[in-house]
Each structure stands twice: as structure tokens, then as C-alpha cells.
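J.: using only what follows, build the 3D model:
(chains A and B)
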Number of protein chains: 2
Amino acid sequence: MTKSQFLSGDKAAIDEFIDRFDVFLFDCDGVLWSGDHLYEKVPETLEMLRSKGKQLVFVTNNSTKSRADYKKKFDKLGIPAENEVFGSSYSAAVYIARILKLPAPKNKVFVLGESGVEQELESEGVPFIGGTDPAFRRDMQPEDFDNISNGSMLDPDVGIVLTGLDFHSNYLKTAIAFQYLQRGAEYLATNIDSTLPMSHTLFPGAGSSGAGLTKAIGREPLSLGKPSQAMMDAVEGKFKFDRSRTCMVGDRMNTDIQFGIDGKLGGTLAVLTGVSKKEDFLTEGAPTVPMAYLNALGDLLG
Amino acid sequence: MTKSQFLSGDKAAIDEFIDRFDVFLFDCDGVLWSGDHLYEKVPETLEMLRSKGKQLVFVTNNSTKSRADYKKKFDKLGIPAENEVFGSSYSAAVYIARILKLPAPKNKVFVLGESGVEQELESEGVPFIGGTDPAFRRDMQPEDFDNISNGSMLDPDVGIVLTGLDFHSNYLKTAIAFQYLQRGAEYLATNIDSTLPMSHTLFPGAGSSGAGLTKAIGREPLSLGKPSQAMMDAVEGKFKFDRSRTCMVGDRMNTDIQFGIDGKLGGTLAVLTGVSKKEDFLTEGAPTVPMAYLNALGDLLG
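T.: Numbers count the residues shown, from 1 in each chain, chains lettered A, B, ... in the order given. Sure, this is the predicted structure:
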């Protein structure tokens, strides 16, 4: 069984670990902060890594924010992050625009999600409907059943359904998206995290707000967030790095750490400030084991 | 491989089939009607069975209607059905009140569903919150995260979360239900049908509107609808019948027909007017095969 190395408090082991990598990919929620609460010594830790010449990339599954939104959050919390943020909404937009490339006008996206998704689709020139449009934020009416069924409420150009974390999910949007899927639309998700850590507990995540559609159609979407390697390829395409000299830092075994392992990165580093507990990877037979772990990211300061 | 007998047009086979049973359990949506569209010759077929002395029971997974609501629907469509309707909301209410029997006051139910669930809980004297209460039909606000987490928005007496088909599902209700489950509440569902046949197509069903919660908590609810045998036991407890002389009639293999097979009924009869197609059970290796099938229920008239 692979054993994870505990680094907190072991200055020599920490220095040796850091020296093995040129690039650190960071998850954000649960690693740098929880909601608006920044964890202790995070800015100093990131600054220490920069001072050693390391490249930092912030890889987040949170689809409600665009890269621009994230930049504002980093600024507010006092962390420099110039063009270093890569979110799952951007990942999905890049996939749709540059890889899937459905022929216009049938490349329109029906969005189940918040403005982060919309902003990133716009940045890649992808047409979309749904999303934050108030017209879809209403109760299902009896006549909607017929009008969805006969197509009069549908846009014939929609060729893709994209789901992300949606704080305004409802039956109407799910029913419309379901009908697009029944008519053959591609089924994508920014990410499928089951939960969202907030306010010291767990709330429904993107995988939860999209689960109704998944259950109805009977198959999973292609996820463009961690641990999907479509996201790793996109991150590598943008930032260029030697995977053997790259380390993924995260709090979730089944997204962050699996993302690094599947991507054949040189290392993975877990922190215990988020979702996964050390029992999750120290137990015999644990499916995902990080190379090393810390109580908190700030422990890297030694 | 078990072969299903095709009865439509074969008068002798139909008569022989009918003679084997004293009791017929009917699914409703997809068998008797689709939405408000009654299928051809349904009242005459039911009347023919009654004239032969058969007992009829209407066993439906539709949780949005109470038995009283269903009675109104039968009346409107011209089908007599006095105390013969057994719905999944009633099944859930009976389970909570007579089997689960949590000690008061910790037996309060948080409902994700429509008024059918509420009416049946009331009929069994079970306290509940949520459901159709307009207070829960609103957008999630930033302060809700803290107030759900610290319990100030929760009712300490809630010991059960019950999900059914909810046309007003939203993030707020799912987040609250998820918090109750994280605190140890029992997790029940009226039924977990993935889809709802309406207007000649499929819409999200109870299993879909509850799927967000299932995904977040990472386990399935105990379902009190077909094919759960908890429902069969409740139906038998109320109507008393010889299972070997009872036939389940339905349109869905994985709910209706499986319900009859698991319940060791004397027979199962599929109709092709609903969700399942004949390829679903005539194909080699099909998981659920009915004893016999008809193009439509009206074909029983010969």
C-alpha cells in the first residue's frame, strides 16, 4: 500500500518536497480559503513559493465565478494572481469553442448555471441562452408541458446543454434541458462535485444541482472540471509545464488528488482544511492516496 | 429465457389470462391515461373486469396527488374508483406513522414535494414542514449559508426528510434538507421514478427532483413507491389478497413489472402505451420480463 508522507512540522522534509517541483497547481476552496474566510498564512506561503521561483496556477472547479470574478476575490483577500486562475467554466468554454466546435448556428448552449459560465462562454465567443436569464427563473406552468414537448419553447439552434453549480435551479430549466438532451444535444458539465464546502459545513455542489438532469436522462455528462483530464490538457495547453516537475495541491481526494494522479504529475499534496479527512486516504484500501499531506497549507512555511 | 406472451387480438388467450386472477393492481399514468388524455376503451375494460367479479386496485407512484385528488381525477374521467386508489404519498405516510414510528416530537417531516404528500401526512397525523409553504419557495440568499449551518433556520424536531415529485424544487430547500440529513435525519422518498410521461414526451420525475439531495449526501433514500416491497406490503395490508391470484398491470418494467415480480404475484401484464417499449423486455437478457403484454389496456376487451 502506498503511504502518504506527513510534512507538517518537518522542515527538512518540506524543503525537500518543495525542491522537487517547479509548478504548483492549487485548488482554492478548502485549500486557500473557505467561502470568504482566508486560512492562516496563505498569502505568506504563496509568496514564499514565488520567491523560490515556482510557478503557481489556481485550478478551481467553482463554476459560478469567471476568471475575472476570481481575480477580484484574490485581490480582495490580498493574494496576487495575475492570469494564474483557471476555472471549470473557462475549461468548458475552451472545450466547446476549440475542441467540440459544433458548426454554427447549431452550436448554441443552453446553460444551467450562474454568470461565471456565461462570462467564460462570451470570452470564447460561444452563443448561449438560459443561465441567469430571468425568463427561466419561474415556476413551471401547466401549458409549459405541451410547449416544451412540441418545441415551441425551444431554440432549434441549441446543440449543447452545459450544467454548472446553479443556485437558481428549478423544474422548468431542468425540463427544458432534458428535452434538449432527448433531442440529441451534447451533455456537458463544468464539474460534478457533489458538495460545496461553505460556512463550516457542506452545501449542494454542481454535481448536485445537475443531478436531476443526469437522473432523468440516465447518463453522466462529460465533466470539464477536476478530475477530468480534459481540464488538465487545457491547463497544460495554456501554461506549458513539465508534468514530472508539477505538484497538485488540494483538499479532495476524488477531485483534486485524483486529478493530479490521473494527469501523471510528479506529485500530489493534500491539505486537511477542506472536505477529505486523513482517514480517507490513510485507511487500508483507500482509492486515492496523495504523495504527501499537511494539516494546512500554511504549514509549508515550516 | 422467459418469453412474454402477446395477448392483443387473441380472445381465447385473453380470457384464459383473466380467469387466472381475482385481483388486478393497475398503474395509472401510461396505462389508463397520459396526463389528462384517457386511453381508448379504458372505462369499458375496467367495467368488464368488475362484471367478472375482479377486485381492482390503482397503485400509483405519482406523489403530487393524494388519494382524494386521485378520486377527483377518476371521477372527471368517468372511472368509478371508490377507495381503490393507493398512492406513493399515502404509502410513505403509512410507513412513517405505523412502521418507522419515531417518538414525538422528533418525528417531524421536512417535505420536498407537493400537496399530495402533505395531505397524506395529515391523514396519518404526521407533523411536517416545508412542502408547499411559500416561505421555502425563494432564492438562496448569502446569509442563508450561515443560518442553515448554525441551525437557526432549522427545526430541531425534524427527524425525517421525505422527497417526492416537486415542481418547485430549488437550491434553498435542497440545502436545508441536506443539512437535516447531515445531522442524522431519516431519508425517505415517495418514489424514485426518473421520468414523468407527459404531453407525449418525458419530463423529470420524482427521482429527478430528488436526485440533487441523493448526490449531495451520497446515498439513496428508502423509496416507498414501486418497485419497493414496502409499498406491496402496505397495499396487501389494506386490501387483503392472495398474491398467487393477483396480477400487476403496468407500463414500466423497472417499476411496475419488477414490483409484481418481486412481490411474487401470480402474474404481470405490460401495456405499450407508456414508458417501456417491447424491445425492452423481448431482447435477449432483458432484466425484467412481464408474463404477458398488450398494445393497450383496451385490448383486454378482445
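
J.: what pLDDT does whatever residue of the stretch 1-150 of chain A ends up closest to chain B get?
T.: Scanning the stretch 1-150 of chain A for the residue nearest chain B gives residue A:149, at 3.8 Å (criterion: Cβ to the nearest Cβ). Using the backbone N, CA and C atoms, a C-beta is placed for each residue, glycine as well. What the model reports for residue A:149 is a pLDDT of 97.

J.: number of nearby residues for the residue nearest to it when sequence neighbours are not counted?
T.: For residue A:149, the nearest residue in space outside its immediate sequence neighbours is residue B:199; the separation is 3.8 Å by Cβ to Cβ, 6 or more residues apart in numbering or on different chains. The local packing of residue B:199 (other Cβ atoms under 10 Å in any protein chain shown) involves 18 other residues.

J.: and the stretch 151-300 of chain A, which residues reach chain B?
T.: A:166-171, A:174-175, A:178-179, A:182, A:194-195, A:198-205, A:207-209, A:211-216, A:218 (Cβ under 8 Å from any Cβ of the partner chain).

J.: returning to what we had before: how far away is the residue nearest to residue A:149 from residue A:142?
T.: Summarising the geometry, the distance separating residue B:199 from residue A:142, computed by Cβ to Cβ, to the nearest Å, is 10 Å.

J.: isn't residue A:258 up against residue A:227?
T.: Yes - here residue A:258 lies in contact with residue A:227, judged by Cβ atoms under 8 Å, at a distance of 4.1 Å.

J.: quick one, what contacts the residue of the stretch 1-150 of chain A closest to chain B?
T.: Counting by Cβ atoms under 8 Å, 6 or more residues apart in numbering or on different chains, residue A:149 touches A:179, B:198-201.

J.: give me the subset of the residues you listed lying in helices.
T.: residue A:179 (DSSP state H).

J.: are any of the contacts of residue A:149 buried, and which?
T.: Buried by 16 or more other Cβ atoms under 10 Å in any protein chain shown: A:179, B:198-199, B:201, out of these.

J.: between the two ends of stretch A:196-206, how far is it?
T.: As for stretch A:196-206, its first-to-last residue distance stands at 8 Å under the measure Cα to Cα, to the nearest Å.

J.: and the gap between residue A:256 and residue B:61?
T.: Using Cβ to Cβ, one obtains 39 Å as the distance from residue A:256 to residue B:61.

J.: and residue A:185, by the same measure?
T.: Between residue A:185 and residue B:61 the computed distance is 28 Å (Cβ to Cβ).

J.: which one's more surrounded, those two?
T.: Neighbours of residue A:185 and residue B:61, each counted by other Cβ under 10 Å, are more numerous for residue B:61; the result is 33 against 22.

J.: what residues are up against that one?
T.: Under the criterion of Cβ under 8 Å, 6+ apart, the contact partners of residue B:61 comprise B:27, B:87-88, B:190-191, B:193, B:206, B:225-226, B:255.

J.: hey, where'd the helices end up in chain A?
T.: Along chain A, counting by DSSP H, helices occupy A:11-19, A:42-51, A:67-76, A:88-94, A:115-123, A:142-149, A:171-182, A:206-209, A:211-217, A:229-239, A:258-262, A:279-282.

J.: and these as CSV, adding distance to residue A:288?
T.: Output for the helices of chain A, formatted as CSV (distance: least, Cβ to Cβ, whole Å):
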stretch, distance to residue A:288
helix A:11-19, 19
helix A:42-51, 24
helix A:67-76, 26
helix A:88-94, 19
helix A:115-123, 27
helix A:142-149, 40
helix A:171-182, 30
helix A:206-209, 17
helix A:211-217, 22
helix A:229-239, 15
helix A:258-262, 5
helix A:279-282, 6
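
J.: out of these, which gets the lowest mean score?
T.: Within those, the least confident segment by mean pLDDT turns out to be helix A:229-239, at a mean of 90.

J.: residue nearest the centroid of chain A?
T.: The structure's chain A has its C-alpha centroid closest to residue A:61; by Cα atoms, centre = their mean the separation is 1.1 Å.

J.: mind checking how far that one is from residue B:110?
T.: From residue A:61 over to residue B:110 the distance is 28 Å, taken as Cβ to Cβ.

J.: that older thread, ok, of the residues of the stretch 151-300 of chain A next to chain B, which come out buried?
T.: For these, buried by 16+ other Cβ under 10 Å: A:166-171, A:174-175, A:178-179, A:194-195, A:198-199, A:201-205, A:207-209, A:211-216.

J.: excluding its backbone neighbours, what's nearest residue A:35?
T.: With Cβ to Cβ, 6+ apart as the measure, residue A:198 is the residue that lies nearest to residue A:35, at 5.1 Å, once sequence neighbours are left out.
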